[in-house]
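**Student:** After the sequence you'll find the predicted model.
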Amino acid sequence: MDIIKENIWLILFFIWGIPLTFYRSKFRKMIYQTDSWLINIKPVFWKELKGLFGNTYPNNKIYKRFRNFYLYYLAIYLILFIAYLVYA
């Protein structure tokens, strides 16, 4: 039980981070309008950031819904990181 207490932040970051690669890949494929897996390794960020904090495709309801979900997911990640900085 002590090992869990000592490594609780690592465990929380790992568990919360598992779906991150899937969500980021799905979001990047929406933004760059491709199904290629190569988009996951390309260092193209400007359009992705504009799509995350702006409204790249205003008429696409699937994009808007997933963007909002992804923002929520990343916000929880940020809160988790801030909690780590404060309490660890």
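**Tutor:** All right, it came through fine.

**Student:** Enumerate every residue touching Leu10.
**Tutor:** Counting by C-beta atoms under 8 Å, 6 or more residues apart in numbering, Leu10 touches no other residue. Quick note: C-beta positions are derived from backbone N, CA and C, even for glycine.

**Student:** So, low pLDDT: which residues of this protein?
**Tutor:** Counting by pLDDT under 70, the chain contains low-confidence residues at 1.

**Student:** Can you name every helix or strand that the lengthiest helix in it contacts?
**Tutor:** For the chain, the helix with the greatest residue count under DSSP state H is helix 61-87. Applying 3 or more C-beta pairs under 8 Å, 6 or more residues apart in numbering; DSSP states H and E, one finds that helix 61-87 contacts helix 8-17, helix 20-32, helix 46-53.

**Student:** Out of these, the one nearest Asp2 is which?
**Tutor:** helix 8-17 (10.8 Å; C-beta to C-beta).

**Student:** Next, the angle from the closest one to helix 61-87.
**Tutor:** Orientation note: helix 8-17 sits at an angle of 180 degrees relative to helix 61-87 (axes from the mean of the first three to the mean of the last three C-alpha atoms, to 10 degrees).
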